[in-house]
Each structure stands twice: as structure tokens, then as C-alpha cells.
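**Student:** A predicted structure for the sequence below; I have some questions about it.
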Amino acid sequence: MTDKFKERFLKFGSLDRFLIFILITGLVIAGISLFRGITYDSQVQVEFINSNDSKITDSKKIMVDIEGAVISPGVYEMSDQSRIKDVLIMAGGYSAEADRDFTDKQINQAQVVKDGQKIYIPTRTLNDGVGGYLQAQNIQKTVNINTASESVLDTLWGVGKSRVESIVKNRPYESIEELVSKKVFTKTIFDKNKDILVVY
């Protein structure tokens, strides 16, 4: 403490000197507390998250059947977020016999597949010499319930005009089993026709 400061300090009354002392002491204590608080915060504010504790669950596995004009038809295990495009890749892609014009128009490769779903890739006909679709007598081999005409649907076992209208009204279908779940077919009618029904 310099002499000038000491002289000025002594000019204050005892009460003033006491208050000044209290003020300086308070500032010192506050400064120490603030410094300790900053040090403490810097030690605890960083939080590490272990990636093993995340709640991300693995995708479920489903089974999808792809048949028809693909390189390797069969049943494949896929994730539940897979799309028709992914199933086609697993099956090796379209074969040389695939009716690409039809599939480009009718098959939505971005559609998410479901467990137990059947995908059928049609072939070009070899009967008319110019390509095209299957002849009427061969339609019964596969009936696509999403795209078949009313006249084709009317040829199914146990299906009449009113049931044809119900099939069309409830389109689109993601699996043939939805004919039962949507109460379009009874279980008996479904069982009689299921071997020729497809969805793609």
C-alpha cells in the first residue's frame, strides 16, 4: 500500500474504512468462487455417449418369393425395409425372356415388400412372332389382382360380378392374402384360387 493511498484511506472514518474492508473482502470471495465454479463446470460439462447404449434396433428379416423371368428365382431373406428393386437384385435381375415393357409400366420397383410376398415377373410370348403379352388361354396361369381386367377376374373360381367389383374397389393389394383380410374373398374362394394369383 503506497503512502498516498494510505493517507487517503486514513482520512475516511472508522465506519467507512470498515465498509471498504467488507467490500474488498466480498469481491475477493466472489472472485475465488467464480474461478472455482468455472473450473468445476469445465470438468463436468463434457458428456460422452457410448454408441453401444443407443436404442437403434436391427431391421427385422422377412422372406420374399420372386418367380418368373429372373436369373435366379426363389425365396430370399431380406430386411423389412427392402424394396422390389432389392429383391430383383438378389435374384440376379431380369432374364432375357422378361417382358420389360410390361414390367416398366406395371411393377413399382420402389415399393416396400412384405413378409411372405410373392413377386412374379412375366415373360414375353413366343406365339405371335412380334412379342406382346400372354394369350388369353394362358392368363389363368397367373392373374395379377392389381391389374387384371374385370373379364379376367370373372374367370376365377367362385367369383361373379359383385365380387369382381369388390376386387377392383379394394385395389391396390400388397399381397394376395389381403383379399381375405379386406373381406373380398372368403377363405374357401381364396384357397381355390391362390395358386394362380399374383401381385406385382
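**Tutor:** Done, it's in. Note that this is a predicted model, so its numbers are computed, not measured.

**Student:** hang on, isn't S82 packed against I62?
**Tutor:** Yes: using C-beta atoms under 8 Å, S82 is in contact with I62, at 7.5 Å. (Each C-beta comes from the backbone N, C-alpha and C, glycine too.)

**Student:** so what's the residue nearest to the spatial centre of the chain up against?
**Tutor:** Most central in the chain under C-alpha atoms, centre = their mean is Q81, positioned 4.7 Å from the mean C-alpha point. By C-beta atoms under 8 Å, 6 or more residues apart in numbering, the contact list for Q81 reads 59, 112.

**Student:** how does the chain divide into domains?
**Tutor:** What automatic domain parsing lists as the domains of the chain is 3-51, 57-122, 135-200.

**Student:** With neighbour numbers in mind, choose between S82 and I62.
**Tutor:** S82 (20 against 17; other C-beta atoms under 10 Å).

**Student:** In the chain, what helix or strand scores lowest on average pLDDT?
**Tutor:** Lowest mean confidence among the helices and strands of the chain (mean pLDDT, DSSP states H and E): helix 3-11, at a mean of 60.

**Student:** Kindly provide the distance from the residue nearest to the centre of the chain to E178.
**Tutor:** Q81 is 20 Å from E178, where distance means C-beta to C-beta, to the nearest Å.
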